[in-house]
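Asker: quick one: sequence and predicted model below, then my questions.
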Amino acid sequence: MKLFNRILIGTLVLGMLMSCNPTKKKDSNQSTNEKSSPIIVTQENFPTAYSNLRMGMIVERAGGVNKFIEMPTPNSNPEEQLVVRMNRDTYYSSAVMDVSEDAFITIPETERYVSIQIVDENHETQPMIYGPGKHKITAKTEHAFVIVRALEDDARRNLLIEAENNKSFVMKEWDMESFKKLEEEGNAVFVKGYDQSKAFGSKETGQTTYMNYIGAAGGWGGAMVVDNIYQSTGYLDIEGCYEMTFPDPMDKYFWSATVYNANGYMFNDVANVSSEMDPVINDDGTITVRFGCDDMPNNIPIREGNTTEKFNVIIRHYGPSDEVRNNVEGYNPTEYIKKVN
């Protein structure tokens with residue numbers, strides 16, 4: 001799986017997306033490509049490289065900075081998924097904003113979950129902003145990637161950006177050979193186990209250079225533990241039927257379980273189970289999610305479309321409960337996944 005190919009394909013896909021309302025701006029500039037010798041990618045600058053590529057692509061497809069694009073639901077072709085470990089839990093809209101001066105986003109009214117996450121040019125993030133209304137957007141860098149996640153489709157449409165500046169975004173030329181090598185190595189470490197609190201955040205909140213690299217390689221744009229908690233299995237063989245049974249996590253918003261192939265991409269039209277999808281509940285109130293157990297409740301396929309022979313599962317807790325946050329026994333379902341036949 002080659003990231004460069006994914007970026008090219010993603011560019012074609014995003015070219016069909018809709019832009020939201022025009023924004024208040026001083027001038028209208030799109031991204032520009034900085035022509036020079038390719039920059040060798042290291043662990044230290046990998047998060048910046050990934051962010052630069054991702055943000056440059058969004059700017060090109062949106063037609064400039066300070067413009068939203070409505071992201072399509074990721075399909076089942078791994079080569080058309082824009083970054084590693086996307087999910088289908090919510091609807092999305094994304095933009096790259098010039099935040100060098102005052103900048104705001106207005107979200108339409110909704111009574112359901114909606115959040116704003118900000119990721120700067122060095123892959124530092126901050127606590128999410130929740131709810132409808134007008135919100136100020138700030139970051140350490142001149143430009144920032146902004147993603148709106150919503151359970152209600154209309155809540156991520158008709159978003160308004162008001163920004164004092166509209167400076168062009170420079171997409172740099174990166175050495176893709178060194179980039180792809182580090183992406184593969186970092187993704188392998190991510191699946192084996194990493195520290196989310198040190199991967200997604202900022203230097204002020206404890207983010208380290210190494211974990212920033214691992215987080216970007218395995219799940220670029222991940223959230224801080226104050227907002228979401230991620231629980232992950234290792235890689236499992238696709239032969240057989242697996243189950244994990246767990247109590248209701250009692251998360252503030254909702255939870256989900258998503259299956260990925262060995263490269264970190266979805267491969268089937270059925271890729272997740274979520275508390276928002278009315279899963280079947282056991283008589284004792286627990287939930288059993290199944291993997292590769294055909295014709296069973298709450299089942300996610302692991303073989304059809306998976307050419308890598310392995311899979312892993314990520315549980316996402318949106319607004320994690322104290323039980324999840326404190327790692328109370330039983331509240332990390334990935335620890336209890338087992339092969340039943």
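Answerer: Now that the structure is in, tell me what you want to look at. Numbers count the residues shown, from 1 in each chain.
Asker: shouldn't M296 be in contact with R290?
Answerer: Yes. With contact defined as C-beta atoms under 8 Å, M296 counts as touching R290 (5.0 Å). C-beta: built from backbone N, CA, C; applies to glycine.
Asker: now stretch 162-180: buried residues?
Answerer: For stretch 162-180, burial by neighbour count (16 or more other C-beta atoms under 10 Å) applies to 162-163, 165-171, 174, 176, 178-179.
Asker: about what we covered before: what touches both of M296 and R290?
Answerer: By C-beta atoms under 8 Å, 6 or more residues apart in numbering, M296 and R290 have these common neighbours: C241.
Asker: so which of the two has more stuff around it?
Answerer: Just comparing M296 and R290: by other C-beta atoms under 10 Å the higher neighbour count belongs to R290, 21 against 14.
Asker: now the spatially closest residue to that one that is not a sequence neighbour: how far from I118?
Answerer: Counting by C-beta to C-beta, 6 or more residues apart in numbering, N299 is the residue found nearest to R290 once chain neighbours are left out, at 4.3 Å. Computed as C-beta to C-beta, to the nearest Å, the N299 to I118 distance reads 36 Å.
Asker: just the CA trace of stretch 111-123, in CSV.
Answerer: C-alpha atoms of stretch 111-123 as CSV (Å, rounded to 0.1, in the frame of the first residue of the first chain):
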residue,chain,number,x,y,z
GLU,A,111,-29.3,18.4,19.6
ARG,A,112,-27.0,15.5,18.8
TYR,A,113,-23.2,15.1,19.1
VAL,A,114,-21.1,17.5,17.1
SER,A,115,-17.5,18.5,17.8
ILE,A,116,-14.6,20.5,16.3
GLN,A,117,-11.1,19.2,16.5
ILE,A,118,-8.0,21.3,15.6
VAL,A,119,-4.7,19.9,14.4
ASP,A,120,-1.8,22.2,13.7
GLU,A,121,1.0,21.9,11.1
ASN,A,122,3.1,19.9,13.5
HIS,A,123,0.4,17.4,14.5
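Asker: list the buried residues of it.
Answerer: Using 16+ other C-beta under 10 Å as the test for burial, stretch 111-123 gives 113-123.
Asker: do the same with stretch 57-68
Answerer: Buried, per 16+ other C-beta under 10 Å, within stretch 57-68: 57-62, 64-68.
Asker: then stretch 204-211?
Answerer: Neighbour-count burial for stretch 204-211, counted by 16+ other C-beta under 10 Å, picks out 205, 207, 210-211.
Asker: who touches that stretch?
Answerer: Residues external to stretch 204-211 that are found in contact with it (C-beta under 8 Å, 6+ apart): 43-44, 124, 194-195, 197-201, 224.
Asker: got the phi/psi numbers for V119?
Answerer: phi -130, psi 120 (degrees, to the nearest 10).
Asker: measure it to T48 for me?
Answerer: 11 Å.
Asker: could you do N332 as well?
Answerer: Distance, N332 to T48, by C-beta to C-beta: 32 Å.
Asker: follow-up on the earlier one: the residue nearest to R290 and P279 touch, don't they?
Answerer: No. Judged on C-beta under 8 Å, N299 makes no contact with P279 at a distance of 10.4 Å.
Asker: neighbour count winner among those two?
Answerer: Shown here are N299 and P279; by other C-beta under 10 Å, N299 has more neighbours (19 against 15).
Asker: average model confidence for stretch 66-81?
Answerer: The pLDDT scores in stretch 66-81 average 93.
Asker: can you give me the helices for the chain?
Answerer: With DSSP state H as the criterion, the chain has helices at 3-14, 46-62, 176-192, 196-199, 209-219, 322-325.
Asker: which one of those helices lies closest to M250?
Answerer: helix 322-325 (6.5 Å; C-beta to C-beta).
Asker: mind listing what's buried in that closest one?
Answerer: Of all the residues in helix 322-325, those buried under the rule 16+ other C-beta under 10 Å are 323-324.
Asker: which residues does it contact?
Answerer: Helix 322-325 is touched from outside by 225, 229, 249-251, 317, 328, 331-332, with contacts defined as C-beta under 8 Å, 6+ apart.
Asker: change it to 10 Å
Answerer: 225-226, 229, 231, 247-251, 255, 315, 317, 328-333 (C-beta atoms under 10 Å, 6 or more residues apart in numbering).
Asker: tell me which of those residues fall in strands.
Answerer: In this view, the contacts of helix 322-325 that belong to strands under DSSP state E are 229, 231, 255, 315, 317.
Asker: okay, these in TSV with distance to A155 next?
Answerer: Shown next, in TSV, are those (distance: C-beta to C-beta, whole Å):
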residue	distance to A155
I229	23
Q231	27
W255	20
I315	24
H317	21
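Asker: ranking the residues you listed by neighbours, who comes first?
Answerer: W255 (28 neighbours).
Asker: run through the residues that contact that one.
Answerer: For W255, the contacting residues are 89, 228-229, 231, 246, 248-249, 273-276, 279, 287, 315-321, 324, 333, by C-beta under 10 Å, 6+ apart.
Asker: filter these down to the buried ones, ChimeraX style.
Answerer: To isolate the buried members of the contacts of W255 in ChimeraX, using 16+ other C-beta under 10 Å:
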select :89,228,229,231,246,249,273,274,275,276,287,315,316,317,318,319,320,321,324,333
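Asker: fine by me, thanks again.
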